[in-house]
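*Asks:* sequence first, predicted coordinates after that:
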Amino acid sequence: MLSKWEGIVIRTIPYGESHKIVTLFTEEAGKITAMARGAKKPRSKLAAVTQPFTHGAYLIRKGRGMGTLSQGESIESMRFIREDLEATAYASYVVEIVDRLTDENAQISGVYTLLKEALHAMNEEYDAEAITLFVEWKMLRVGGIHPYLHACASCQATDGEFAFSFQQIGFLCHRCFHQDPYVLKLTPTQIRLIRTFYTVPIHQVGDVSLKKETKQLMKKIVRTIYDEQLGVYFKSRKFLDTLEATPELLPKKKNPESEA
């Protein structure tokens, strides 16, 4: 059976001298893997459309085993992502999150749109670090984690001071801080940001500019949840940690115009 699906290349593995095993995340069928015969050959029609992060339309012939990628047409090659070291690093982390938290042929509402919007935003040179935070927070639900963010996780209060509790995986108000001695107190702006990362689509936000320390706090919270609740190890995150520890490897970026 021949099917045409819109998808994004999230992983490729060399196979033999000239083939690739390509994993796509598609709008219609979720995550699928197919053999791209001859795709490693420079003159192959499949060479360009099977590059990592490519957004395209693909013809796949499905049989009993692995499908075969017969044809592909690029919608967006994501050239900037592949040419910029920082964008490549964050995009690699984003596609690994999607890959690790989804099963083959499982259709999960919203994941394809999230992935597409994240990569397109990075390719438009939006802040890749901030865009990645959207993906990290939104993919928690795919991993079965649903942070309690609309009120106090204990007493349901919506007023007062708030902090993040890793015990509750959500907010606690000042009346309930005693329940968790390790809460991270948050400002109203930080509370709003966490809710934005978790609930608001990327396309509705645009280019987000945040202080470095704000992004560090947002990452600390969400990555601690991944580490402690999901126990998922991401290889690409190790490289991101190296880049953050050695910023001299990256070209200088312009200062944020508006900070939170």
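*Replies:* Yep, that arrived.
*Asks:* ok, and the closest non-adjacent residue to E104?
*Replies:* K31 (5.5 Å; CB to CB, 6 or more residues apart in numbering). C-beta here means a position set from N, CA and C on the backbone, and glycine is covered the same way.
*Asks:* tell me who's in contact with the one you found.
*Replies:* For K31, the contact set (CB atoms under 8 Å, 6 or more residues apart in numbering) comprises I10, T23, L24, F25, V98, D99, T102, D103, E104, N105, A106.
*Asks:* A helix includes it, no?
*Replies:* No: looking at K31 with DSSP: H, G, I helix; E, B strand; the rest coil, it is strand, so not inside a helix.
*Asks:* return the distance of it relative to L69.
*Replies:* 14 Å (CB to CB, to the nearest Å).
*Asks:* run through the bridge partners of the residue nearest to E104.
*Replies:* Here K31 sits in beta bridges with F25, E104, going by DSSP bridges.
*Asks:* same deal with I13?
*Replies:* Beta-bridge partners of I13, as defined by DSSP bridges: I21.
*Asks:* and the residue located most distally from the centre of the chain, what does it touch?
*Replies:* Distance from the centre of the chain peaks at R175, with 34.5 Å (CA atoms, centre = their mean). For R175, the contact set (CB under 8 Å, 6+ apart) comprises C152, C155, A157, G160.
*Asks:* equivalent analysis for I225, please.
*Replies:* Contacts here follow CB under 8 Å, 6+ apart; on that basis I225 touches L140, I145, P147, F166, I169.
*Asks:* how about the fourth one, nearest residue that isn't a chain neighbour?
*Replies:* What that stands for is F166. Nearest to F166 is T224, by CB to CB, 6+ apart, at 6.1 Å.
*Asks:* can you give me the neighbour number for that neighbour?
*Replies:* Residues within reach of T224, counting by other CB atoms under 10 Å, total 13.
*Asks:* okay, now the residue nearest to R37 when sequence neighbours are not counted: neighbour count?
*Replies:* Nearest non-adjacent residue to R37, counting by CB to CB, 6+ apart: H19, 5.2 Å away. Residues lying near H19 (other CB under 10 Å) number 19.
*Asks:* pull the helix or strand where A91 lies out as CSV, backbone CA atoms only.
*Replies:* Using DSSP states H and E, A91 maps to helix 85-101. The C-alpha trace of helix 85-101 is given here as CSV (Å, rounded to 0.1, in the frame of the first residue of the first chain):
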residue,chain,number,x,y,z
LEU,A,85,25.9,25.0,15.6
GLU,A,86,23.6,26.3,18.4
ALA,A,87,20.4,25.7,16.3
THR,A,88,21.6,22.2,15.4
ALA,A,89,22.2,21.4,19.0
TYR,A,90,18.8,22.5,20.2
ALA,A,91,17.0,21.0,17.2
SER,A,92,18.7,17.7,17.9
TYR,A,93,17.5,17.8,21.4
VAL,A,94,14.0,18.6,20.4
VAL,A,95,13.7,15.8,17.9
GLU,A,96,15.3,13.4,20.4
ILE,A,97,12.6,14.3,23.0
VAL,A,98,9.9,13.6,20.4
ASP,A,99,11.6,10.4,19.3
ARG,A,100,12.1,9.0,22.9
LEU,A,101,8.7,9.8,24.2
